[in-house]
Structures are given as structure tokens and as C-alpha cells.
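Trainee: I would like to see how this sequence folds:
(one chain, ligands or ions: 1)
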Amino acid sequence: MEDTYLHKGLRRKLVEELKNKGISDLRVLAAINKVPRHLFMESSFVNHAYKDKAFPIGSKQTISQPYTVAYQSELLQIESGDKVLEIGTGSGYQAAVLVEMGAKVFTIERHKTLSMSAQMLLPKIGYRPQFFYGDGFEGLPTYAPFDKIIVTAGAAEMPEKLISQLKTRGRMVIPLGPVDDQTMFLILKNEDGSIEKIEHGSFLFVPMLKGKV
Ligand code: SAH
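Mentor: Just a heads-up that it's a prediction; the model follows:
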């Protein structure tokens, strides 16, 4: 559970790299500078933690690439106190970044083992989102509506229930498309309840799947 000067130095370099790649939201950059990404990976892979790459975390899933985490977080325009729903807890890294930015985070994971290990790790290092083991396609009707929703797995179809759990003037980011190529969409819910979809380039995520395992 160590976070050394070496790790901190590598994080600063990663933040510079993300700036060069176009990330400009200072709150996003500050959060990435703060969250010890190496603790979200098995200790033998520490050398990979501050490369701008996705990496396996078990159960055939990956911790998202830092650029992708930064990009989705920036699109959400997180304000302190925002109620945010995340689909795909995975390692818990994205959830930690959102908590670091002052959001109140609710995160769902369909893989029991991944959900359990994130639930063990995050409070130990000071991050306390609310964890749920379940199918993200259902969202969390009991806790809805949310200011922001972030989907961190690639969905073949729009999860309509999530849109209904988004507040008016809320923002949702979701990669949509076939397994080998998704387009990042920013979904805006207008005052009259209508939906705007804005395309934000091509990304690659592990698939969003129904049910829990
Ligand atoms: N946000 C994660 C990224 C994990 S990869 C991180 O920071 O590490 C995407 C995750 O979404 C995987 O763990 C996968 O199991 C999960 N997932 C896929 N479909 C899901 C669904 N329907 N509900 C909840 N989680 C889902």
C-alpha cells in the first residue's frame, strides 16, 4: 500500500502526457495526479501503472486507459457534490477519480470477484463510493435520479433505463457500438425531457453484458 516519491513522479509525468493529448480540465488532471493507480493493479505490474495503457485486472476485464478515464471524466463536467452513477466498477480506479473530484459515487459491477476486491481496496486508501453488485443495464432506480452517469463498458445498444434515471440537464457518457469499435457519446437531457446525442470519437472498451456473474 505504499505510495512513494517514485510513484508520485511517474503520476506527474502521466498528467503531462494527458495534457499533451488534449485533456484540459484541471480538476480531472488534479485527481489523476492524486489517485495512486498502481494500487489498483497486482503489485507485480507496478511498472505498467503509469503508462497510458489499459491493463488486465482479472475476470477478463481491464482497468481503463488513463486517457479514457480522463476523457470521460472531462465530458461529465463534474461539480463537487454531483451524484454520479458508474456502470462497470472494475478495479475501482475510475470511481476513485470521481470521488477525488468531490462526486458522490454509486458504482455497479456484474462480476462478483471484481466488485468484492474494489470494495476491499477503496476504503483502505480513503475512497468511499457506494458499491453495488448487479447488472448495470438496470441502473439503480432506488437512488435515481443522477446528475451524471458514466458507462465504462462498451454497449451494443442504448440502455434506456439509464437515460430515465438521468436528471433533467444531466449528462451521461457512454461508449456505444459493436465489440471491436465503439463511439463515445455524450447524452444531454434537456429541460423538456428530450435527448441530445453528441459524438466524441472512437474508443475500445470491454463489452457491457447483461446479467451478473
Ligand atoms: N471503470 C473500470 C473499468 C473496468 S472495465 C476501472 O476503472 O477499472 C468495464 C467493467 O464493466 C468490467 O469490470 C465489466 O465486468 C463491467 N461490466 C460489463 N457489463 C456490465 C454490466 N451490465 N453491469 C455492470 N458492470 C458491467
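Trainee: C-alpha only now, for contacts and for neighbours.
Mentor: Will do.
Trainee: so does stretch 128-135 get close to the ligand?
Mentor: Yes - Stretch 128-135 reaches the ligand (C-alpha under 6 Å from any ligand atom) through D135.
Trainee: with stretch 157-174 instead?
Mentor: No - counting by C-alpha under 6 Å from any ligand atom, the ligand has no neighbours in stretch 157-174; the shortest distance is 9.4 Å.
Trainee: show residues contacting stretch 151-171.
Mentor: 64, 76, 86-88, 137-141, 144-149, 172-179, 182, 186-193, 204-209 (C-alpha atoms under 8 Å, 6 or more residues apart in numbering).
Trainee: what pLDDT is listed against A103?
Mentor: What the model reports as pLDDT for A103 is 98.
Trainee: that one and S73 touch, don't they?
Mentor: No - with contact defined as C-alpha atoms under 8 Å, A103 does not reach S73; the gap is 10.9 Å.
Trainee: for P66, list the residues it contacts.
Mentor: Contacts of P66 (C-alpha under 8 Å, 6+ apart): 18, 52-54.
Trainee: now it, what are its backbone angles?
Mentor: The phi/psi pair for P66 (degrees, to the nearest 10) reads phi -50, psi -40.
Trainee: could you check how far it is from P36?
Mentor: To P36, P66 is 12 Å away according to C-alpha to C-alpha, to the nearest Å.
Trainee: now do the buried residues in stretch 110-122.
Mentor: 110-111, 114-116, 118-119, 121-122 (16 or more other C-alpha atoms under 10 Å).
Trainee: what segments of the chain are helices?
Mentor: Secondary structure of the chain (DSSP state H): helices at 5-20, 26-34, 66-76, 93-100, 112-124, 160-164.
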